[in-house]
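Q: here is a sequence together with a model predicted from it:
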Amino acid sequence: KAGVTQTPRYLIKTRGQQVTLSCSPISGHRSVSWYQQTPGQGLQFLFEYFSETQRNKGNFPGRFSGRQFSNSRSEMNVSTLELGDSALYLCASHPRGASGTDTQYFGPGTRLTVL
Amino acid sequence: QQQVKQSPQSLIVQKGGISIINCAYENTAFDYFPWYQQFPGKGPALLIAIRPDVSEKKEGRFTISFNKSAKQFSLHIMDSQPGDSATYFCAATSHLSNDYKLSFGAGTTVTVRA
């Protein structure tokens, strides 16, 4: 089975711009979660999507949003970028609901640099 | 606030030695505790996980010890190898409310000296 794929792998943007990141989960997985990883704050949960619905949301401003498509692929969007948004954005794939399967599988991440 | 506290921040161990990483949590609703290993430039990969109904789980050279009453759990890496040099994260989540959000510790950078 192919793993979680994230595109693009690297992005450089300037303050005030917006950015869209994409995640394709493992085939058959219906849940996609997004995490932000920074040296200062570590790994922080952004949100989770399941069956095209946001199921859970972390403590991030409204500039961070996401969506999920019928094929389970997910996108996250950050508007009005700030320097502090520079981070590694990780997507995690999860089968959700299948008994005995708790593992979340992470993609390689998208490294976003805001100048 | 960080729901899972992890220590130490970093450690250096000789090849063949034992690495021990400790984590503590407050939320008694947590019912699944995975450990992830992350290499530079890669996403975290699941190493081993435990549920609170067992006190220890071993997979190869990796062992999780779990103390439910103390709300603590730890990762032991036996016979540490240079290839184990990575950052390790403990995490916790609660499935009680159908919530799969992972709360991570701050991470421990392990360096294994040959």
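A: Noted; the coordinates are in hand.

Q: what about the residue in chain B that chain A sits nearest to, helix or strand, and which?
A: Nearest to chain A, among the residues of chain B, is residue B:43, at 3.6 Å (CB to the nearest CB). All C-beta spots, glycine's among them, are computed from the backbone N, C-alpha and C. Under DSSP states H and E, no helix or strand contains residue B:43.

Q: now residue A:44, which residues is it bridged with?
A: residue A:36 (DSSP bridges).

Q: what residues are up against it?
A: Contact analysis of residue A:44 by CB atoms under 8 Å, 6 or more residues apart in numbering or on different chains lists A:35, A:36, A:37, A:38, A:58, A:59, A:60, B:104.

Q: now tabulate the residues you listed in TSV and tack on neighbour count and distance to residue B:68.
A: Below are the contacts of residue A:44 laid out as TSV (neighbours: other CB atoms under 10 Å in any protein chain shown; distance: CB to CB, whole Å):
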residue	neighbour count	distance to residue B:68
A:35	26	26
A:36	22	30
A:37	21	29
A:38	13	31
A:58	16	26
A:59	7	28
A:60	16	32
B:104	24	20
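
Q: how deep is the nearest residue to residue B:75 once chain neighbours are set aside tucked in, by neighbour count?
A: Spatial nearest neighbour of residue B:75, chain neighbours left out: residue B:21 (4.6 Å); criterion: CB to CB, 6 or more residues apart in numbering or on different chains. By other CB atoms under 10 Å in any protein chain shown, 21 other residues sit near residue B:21.

Q: pretty sure residue B:21 belongs to a strand, no?
A: Yes - the assignment for residue B:21 (DSSP: H, G, I helix; E, B strand; the rest coil) places it in a strand.

Q: who are the contact partners of it?
A: B:6, B:7, B:8, B:11, B:74, B:75, B:88, B:90, B:108, B:110.
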